[in-house]
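# just the structure for this:
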Amino acid sequence: WRPAPAAAQATPEAGPTTPVAAGEPGIWWTANSPFLKGVMTAPNREPAIPHPDREASAEQKLAALAGTAGRKPNLVIFVVDDMGWGDPGCFGGGSAIGAPTPNIDRLAASGLRMTSAYAQPACTPTRAAMLTGRLPQRTGLTRPTAAGEATAGMAGEVTIAALLSDAGYVTGMTGKWHLGEDEGQWPTDVGFDEYFGNLSANTSYHDFRDPEFSPELVFNPERKAAMDKVHFVRTTVKGWKDGRREYGEEINLETEPKLEMEYLAWSQDFMRRAVAADQPFLLYHAMNRVHTKNYPNPDFRGASPAAIPYKDSVVEADFVLGEIVRTLQDLGQTENTLVVFTSDNGPEEDVHGGGISNSDAGHTPFRGAKGTTWEGGGRVPAIAAWPGTVEAGRVSDGLFDLMDLFSTFARLGDAGPLPTDRYYDGIDQTSWLLAEGDDKQESNREAVYYWFGQEFYAARWREFKRFEQIMTIGMDPGPSTYGGLFNATRNPITDPTQGWYFNLWGDPKERVPVLRGWLFGPLIELTSRNKATFALYPQAPRGVVLNGYLLGGPAGGTVPPKFLAALQAQMRDNPGNDPD
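Residues are numbered from 1 along each chain as shown. Model (predicted):
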């Protein structure tokens with residue numbers, strides 16, 4: 001990517017959604033490769049593919065909606081924990097795998113089904129990225145946080161909840177947080193007006209109590225006594241933006257199965273109160289289902305044809321989504337509400353090898369699973385429904401990252417401007433969501449990047465994916481082994497400067513690399529540009545590894561400061577010079 005001439009560079013104050021067509025003033029960087037279409041309107045904004053006609057149509061739609069509704073649209077994010085891409089019926093699962101999902105399927109039929117939507121490989125990173133519009137490597141939340149762990153959490157980050165709250169929205173969240181438990185890290189500390197839920201993952205509350213899961217602790221009095229002294233928040237909590245906090249019932253093997261119904265009731269009440277107050281609302285409903293180990297609500301035990309806990313929990317999740325949609329209908333808000341349904345990562349397949357008698361993980365048709373950078377780790381089911389605004393029955397393989405919800409919601413809620421001291425990876429996908437007819441599989445996003453921990457792994461451009469390093473899975477590396485959060489190991493490929501290339505349309509299981517010389521240019525250029533953003537904005541609390549150097553981290557990294565300063569100056573101030 002080459003910096004544009006100084007006269008054409010955007011000002012740092014440029015808004016997050018300012019549409020700029022290729023070749024027009026306001027482009028900060030332009031691509032070298034003729035295959036690439038994305039334009040970068042500011043040094044801290046991810047390049048987006050301009051679609052001027054689509055953008056103009058979206059503006060007309062939004063203006064008409066604002067005039068009809070008299071206020072901004074409601075925004076609902078519904079996230080299921082660890083649901084596989086292939087679990088919902090509309091993605092090939094449902095009744096075919098013993099767990100019908102009529103409500104998810106109905107939502108898909110009423111809007112846009114996204115077949116190439118991406119999360120991060122694990123829950124905490126995805127949730128941080130989705131709420132901040134930034135790669136988790138920039139926030140430091142690169143792995144699941146442990147219960148009671150001292151961490152910076154979301155402190156210092158600007159969330160979409162904070163932006164929308166400032167823009168006149170009432171913002172609420174319920175369910176799994178998993179982004180920090182300490183002072184300053186609760187949802188209500190970072191922009192949400194209200195919160196009711198559990199601060200950690202469901203496993204924190206029941207694994208150590210379950211004699212089938214942890215017999216080495218449950219039946220050892222000394223260890224059990226020690227566990228009782230481990231500090232973490234073991235109850236449900238309620239919080240408000242004014243600082244008030246309440247601690248509710250203890251979450252244990254008896255109470256945990258009933259939480260989803262309590263969270264559903266809270267979300268319904270939150271929406272009713274917002275509508276009664278004539279305020280637009282943001283609702284983030286984050287389920288604990290279907291994360292292993294599943295303890296279905298007694299009302300759903302045996303409710304699936306498969307009659308095993310995971311499948312029963314899928315049915316429960318489908319029911320909760322259906323009730324959220326029904327409540328919107330009862331409130332007359334269906335046509336004024338964008339509902340996004342998705343999962344936070346792929347299924348946790350490694351539980352299959354952990355002694356659990358019945359399958360307790362979801363299904364993905366892709367290679368790998370949660371905890372890997374294969375498609376099975378981060379490619380998730382996603383649906384966007386907004387009756388009358390998002391075209392019903394539409395299906396697209398355009399690239400979408402859950403970080404894009406940040407920029408898209410900011411646009412829809414007329415929120416901002418964004419800070420200029422940090423890099424934003426999310427892209428405004430409003431005009432793509434609101435498009436009609438055949439969009440030629442192209443969204444506003446040009447590439448998806450696969451990071452894990454401190455390391456860069458791969459990039460996807462259109463149907464092609466380039467790896468610099470891969471993850472082997474289990475004791476017998478190969479596509480047939482179970483993938484997972486705890487049994488994948490990193491391996492550089494034979495020549496990381498060249499990479500391994502896969503055609504995801506021809507080989508969705510990523511089994512056989514292809515050799516296509518023409519792909520080297522665009523994919524290496526995209527990869528280099530993404531890495532270079534960490535040089536311009538070296539905010540990486542845990543550090544990132546770039547070409548053998550550690551940038552950021554607790555000790556400040558290993559990049560010589562003078563070299564970094566010189567690189568930043570070259571990238572910012574030398575028009576026409578290729579920083580790669």
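# what helix or strand is the residue lying closest to residue 255 once chain neighbours are set aside on?
The spatial neighbour of residue 255 that comes closest, neighbours along the chain excluded (C-beta to C-beta, 6 or more residues apart in numbering), is residue 249 at 5.5 Å. (Each C-beta comes from the backbone N, C-alpha and C, glycine too.) Using DSSP states H and E, residue 249 sits within strand 245-250.
# what does that strand contact?
186, 233-239, 255 (C-beta atoms under 8 Å, 6 or more residues apart in numbering).
# who are the contact partners of residue 143?
So residue 143 contacts 122, 124-125, 453 (C-beta under 8 Å, 6+ apart).
# got the buried residues for the strand or helix carrying residue 567?
In this structure, residue 567 sits in helix 561-573 according to DSSP H and E. For helix 561-573, burial by neighbour count (16 or more other C-beta atoms under 10 Å) applies to 564, 568, 571.
# pretty sure the first one is touching residue 537, no?
Spelled out, it's residue 564. No. The pair residue 564 / residue 537 is not scored as a contact, 11.5 Å apart, by C-beta atoms under 8 Å.
# who touches both of the two?
If you check residue 564 and residue 537 against C-beta under 8 Å, 6+ apart, no residue is contacted by both.
# take the contacts of strand 245-250 and lay them out in a markdown table including secondary structure, pLDDT and neighbour count.
Listed next are those as a markdown table, based on DSSP: H, G, I helix; E, B strand; the rest coil; pLDDT from 0 to 100; neighbours: other C-beta atoms under 10 Å:
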| residue | secondary structure | pLDDT | neighbour count |
| --- | --- | --- | --- |
| 186 | coil | 94 | 25 |
| 233 | coil | 95 | 19 |
| 234 | coil | 96 | 19 |
| 235 | strand | 97 | 15 |
| 236 | strand | 98 | 22 |
| 237 | strand | 97 | 19 |
| 238 | strand | 98 | 16 |
| 239 | strand | 97 | 22 |
| 255 | coil | 97 | 17 |
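# next, the contact list for residue 182, please.
150-151, 153.
# any idea how far residue 235 is from it?
In this view, residue 182 and residue 235 are 16 Å apart by C-beta to C-beta, to the nearest Å.
# what of residue 41?
Distance of residue 41 to residue 235, given as C-beta to C-beta: 46 Å.
# for residue 419, same thing?
Taken as C-beta to C-beta, the span from residue 419 to residue 235 is 35 Å.
# longest helix in this structure, please.
helix 309-330 (DSSP state H).
# which residue is the nearest non-sequential neighbour of residue 232?
residue 148 (3.3 Å).
# ugh, wrong one, I meant residue 453
Counting by C-beta to C-beta, 6+ apart, the residue nearest residue 453 is residue 142, at 5.3 Å.
# neighbours around that neighbour, how many?
The number of residues packed near residue 142 is 25, by other C-beta atoms under 10 Å.
# please apply the same query to residue 321.
25.
# quick check: it touching residue 107?
Yes. When contacts are counted by C-beta under 8 Å, residue 321 is listed as touching residue 107 (6.8 Å).
# identify the contacts common to those two.
By C-beta under 8 Å, 6+ apart, the residues touching both residue 321 and residue 107 are residue 341.
# show me the helices in the stretch 201-350 of the chain, by range?
Taking DSSP state H, counting those that start in this stretch, the helices of the stretch 201-350 of the chain run over residues 203-206, 215-218, 221-229, 259-276, 309-330.
# need those in JSON lines (columns: distance to residue 176).
As requested, these are exported to JSON lines (distance: least, C-beta to C-beta, whole Å):
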{"stretch": "helix 203-206", "distance to residue 176": "10"}
{"stretch": "helix 215-218", "distance to residue 176": "23"}
{"stretch": "helix 221-229", "distance to residue 176": "21"}
{"stretch": "helix 259-276", "distance to residue 176": "9"}
{"stretch": "helix 309-330", "distance to residue 176": "12"}
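# what about residue 79, is that helix, strand or coil?
strand (DSSP: H, G, I helix; E, B strand; the rest coil).
# then residue 75?
Per three-state DSSP, residue 75 ends up strand.
# please apply the same query to residue 171.
strand.
# any idea how far the residue lying closest to residue 154 once chain neighbours are set aside lies from residue 336?
Using C-beta to C-beta, 6+ apart and skipping the chain neighbours, the partner closest in space to residue 154 is residue 190 (4.6 Å). Separation of residue 190 from residue 336 (C-beta to C-beta): 26 Å.
# now swap in residue 78 and tell me
Applying C-beta to C-beta to residue 78 and residue 336 gives a distance of 17 Å.
# I appreciate the help and will end here.
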